[in-house]
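# What would the 3D arrangement of this be:
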Amino acid sequence: MNEMQLKFLSRSENEVFARNVVAAFALPLSPTLSELSDVKTAVSEAVTNCIVHGYRGGEGWVTLACKTEGAWLHIEISDSGSGIDDISKALTPFYTSLPEEERSGMGFTIMQTFMSDFSVQSEKGKGTTVRMSKQFGAKAEGDAR
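Purely as a prediction, here's the structure:
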């Protein structure tokens, strides 16, 4: 088991930083390129949500925590931003709270699709936490994801 935690400002340039940090942290688990790409994409979506929706153009802190456990990578990404009014609505594909910015509304759907496990908790005015896990080698072991 290994763990790490990182805190960075909600600036768009830090999205690439976060995805690369998680990819580097996951390397000892010997992920395939496809698995690593899935994780990087999910992390990008989660961090972008913090920046765009959590802080809505303002600046705040994003916290990224990772833990490895066997063949599993567990990721937690959180902000202390605006929070989500209705999580079930936000989880609906193509729903966006910012239609004027031409957002696709697919961030949570992408995270759910690319990761083995996914959950989101949020409190209005206090922030949002996304928890995602990926099991590496799952397809080789017969997992039908």
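
# how close does Asp117 sit to Gln135?
Distance from Asp117 to Gln135, counting by CB to CB, to the nearest Å: 8 Å. (Glycine included, C-beta is placed from N, CA and C.)

# and those two? which has more neighbours close in?
Using other CB atoms under 10 Å, the more surrounded residue of Asp117 and Gln135 is Gln135, with 19 against 12.

# what's the distance between that one and Ser116?
Distance from Gln135 to Ser116, counting by CB to CB: 5 Å.

# average pLDDT for the top helix by length along the chain?
Secondary structure of the chain per DSSP state H: the longest helix is helix 33-49. Helix 33-49 comes out with an average pLDDT of 96.

# Show me which positions of that helix end up buried.
Using 16 or more other CB atoms under 10 Å as the burial criterion, the residues of helix 33-49 that qualify are 35-36, 38-49.

# So which bits of the worst-scoring helix or strand of the chain on mean pLDDT are buried?
Within the chain, no helix or strand scores below helix 87-90, which has a mean of 77 by mean pLDDT, DSSP states H and E. Buried positions in helix 87-90, judged by neighbour count with 16+ other CB under 10 Å: Ala90.

# now stretch 15-33
Quick answer for stretch 15-33 (16+ other CB under 10 Å): 15, 18-19, 21-22, 25-26, 29, 31.

# now swap in stretch 109-118 and tell me
Under 16+ other CB under 10 Å, the buried positions of stretch 109-118 are 109-112, 114-116, 118.

# Report the distance from it to the chain centre.
Here stretch 109-118 is found 9 Å from its chain centre; the criterion is CA atoms, centre = their mean, to the nearest Å.

# Name the nearest residue to Glu115, ignoring sequence neighbours.
One correction, residue 115 is Met, not Glu. Nearest residue to Met115, sequence neighbours excluded (CB to CB, 6 or more residues apart in numbering): Met132, at 4.3 Å.

# residue boundaries of the strands in the protein?
2-9, 61-69, 72-79, 117-123, 127-135 (DSSP state E).
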